[in-house]
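Peer 1: Predicted model follows, preceded by the sequence.
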Amino acid sequence: MISITLNACGIYSFTGASISPEVKTISFQNFFNNSPLGPSNMSVLFNEKIKDYFERNTSLTLVEEGGDLEIEGTIEDFSLSPVAPTAEGGRNSQYFTGLTRLTVRVNATYFNNIDDQFNYENKSFSFFKDFNQNTEELSSNEQEFLDEIFDQIILDIFNASVANW
């Protein structure tokens, strides 16, 4: 009974999306990689993941352009920074990084062409993955790290747009 009531109003789903019943389509402009670093296929990976996430978690139809909802943006940063220094080998040795942080930052713009009260422009979303370079090589784990980071960034974009969080 509750499920019928919630679905009947057409604005709530169990994924947290609160999409008006008038909204039927969504379009994505490619997120281009403006970061000087990172793998060459990073924007392709992000574009496919975000489209797939919205298709799986909403009833919206994906269209090439001019959707009721439009999302576009750029990948602005792919950076590595030391997080936890450690001294190895005694007092006279150099300090090494115990943990390194991989951070990715994405800027996104969201347009709701039916109701513009939730629109935003160039909103920054970022997430990171800490890893130990002594036990995990970036080159062999980069895809896994990016998947984890992109999953969180896409969830944040989803929540800021159709979940209105």
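Peer 2: It's in.
Peer 1: In this structure Thr100 contacts Gln133, no?
Peer 2: Yes - at 5.1 Å, Thr100 counts as touching Gln133 under the criterion of C-beta atoms under 8 Å. Where C-beta positions appear, they are placed from N, C-alpha and C, glycine not excepted.
Peer 1: out of those two, which sits in the more crowded spot?
Peer 2: Between Thr100 and Gln133, counting by other C-beta atoms under 10 Å, Thr100 is the more crowded of the two (18 against 14).
Peer 1: so Lys129 makes contact with Thr100?
Peer 2: No - taking contacts as C-beta under 8 Å, Lys129 lies outside contact range of Thr100: 9.3 Å.
Peer 1: List of residues touching the lengthiest helix in the chain?
Peer 2: Determined from DSSP state H, the single longest helix within the chain is helix 138-161. Identification of contacts with helix 138-161 by C-beta atoms under 8 Å, 6 or more residues apart in numbering yields 16-17, 39, 42, 45-46, 49-50, 53-54, 57, 69, 71, 80, 100, 102-104, 106, 108, 110, 112, 118, 120, 123, 125-129, 131, 165.
Peer 1: Then stretch 32-49?
Peer 2: 28, 30-31, 74-80, 104, 106, 142-143, 146-147, 150-151, 154.
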